[in-house]
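A.B. asks: Give me a 3D structure for the following:
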Amino acid sequence: MRVLLSAGFILAGLFLLFYPQWETAVSAQKQEQLIEAFEQLSNVSEQIETTTSEDPPAPQIQEPLAMLEGARGVIRIPKIDLKMMIFEGADKHALSKGVGLIEPDKEFGVNNVGLAGHRGIIHGKQFNRLDELAPNDEIEIKTKTATYQFVVVKAFIVDRAQVEVLEDQKKPLITLVTCTPVGAKDPKDRLIVQAEWKQTTSSQP
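C.D. replies: This next block holds a predicted model:
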């Protein structure tokens, strides 16, 4: 009996030790698939345009489209080794797939665009390392039509009720929003990182 209990404790310990690593690997693989599908979206669109109304898109076309419902772009932050999809909305569904676009009507390079992401020890890896960002760190947003370069200007903490941080400013911004501190249950504070628009490169031929 003691042997079985000991074995059970060992297995439980191993599970707790390796589960976060496994969960991180699965999440990273999912993001790679989403980003690859997004980058191939123009090819998928061309195939759809050549498909007649009587013939529905092939499964290899339908699958990427289903995965990318609500997709608006890809965010890349080299400093913290982050590359994730951006989806419309900041509800549970959107944040379960990637980073959420808080106000979908706003435009990159024009408005102050708010982006929300999870920050937790196990569930949600999007903005776990957001606190490492400092002024002059670079952030890239790639959409279907353009690539936008931003430079971090400041990071600060606000109460979750202070939504004025999302108001438009004189210059185009992106405002990254996440809970703080890490691991807290229903935290009242939000970590904010704001970056100013630097330049835009068109993706159109």
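
A.B. asks: Can you pull the domain assignment for this structure?
C.D. replies: 1-69, 70-205 (automatic domain parsing).

A.B. asks: By mean pLDDT, show me the worst of these.
C.D. replies: Ranked by mean pLDDT, those bottom out at domain 1-69, with a mean of 54.

A.B. asks: Strands of the protein, start to end?
C.D. replies: Using DSSP state E, the strands of the chain run over 71-77, 82-88, 99-101, 112-116, 138-142, 146-159, 173-180, 189-202.

A.B. asks: and of these, who's closest to Glu167?
C.D. replies: Glu167 lies closest to strand 112-116 among the strands of the chain, at 6.4 Å (Cβ to Cβ). Any C-beta I mention is one placed from the backbone N, CA and C, and that applies to glycine too.

A.B. asks: Convert the C-alpha atoms of the closest one to CSV, please.
C.D. replies: The C-alpha atoms that make up strand 112-116 are tabulated as CSV, following Å, rounded to 0.1, in the frame of the first residue of the first chain:
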residue,chain,number,x,y,z
ASN,A,112,-4.9,54.4,-29.8
VAL,A,113,-5.6,50.6,-30.3
GLY,A,114,-6.0,48.6,-27.1
LEU,A,115,-4.8,45.0,-27.0
ALA,A,116,-5.6,42.6,-24.1
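
A.B. asks: just checking, what packs against that strand?
C.D. replies: For strand 112-116, the packing partners by 3 or more Cβ pairs under 8 Å, 6 or more residues apart in numbering; DSSP states H and E come out as strand 99-101, strand 173-180.

A.B. asks: Please name the nearest non-neighbouring residue to Lys154.
C.D. replies: Spatially, and ignoring its direct neighbours in sequence, Lys154 is nearest to Gln194 (5.5 Å; Cβ to Cβ, 6 or more residues apart in numbering).

A.B. asks: What's the local residue count around the closest residue to Pro181 other than its chain neighbours?
C.D. replies: Of all residues not flanking Pro181 in the chain, Pro187 sits nearest, at 6.6 Å (Cβ to Cβ, 6+ apart). Counted with other Cβ atoms under 10 Å, residues neighbouring Pro187 total 15.
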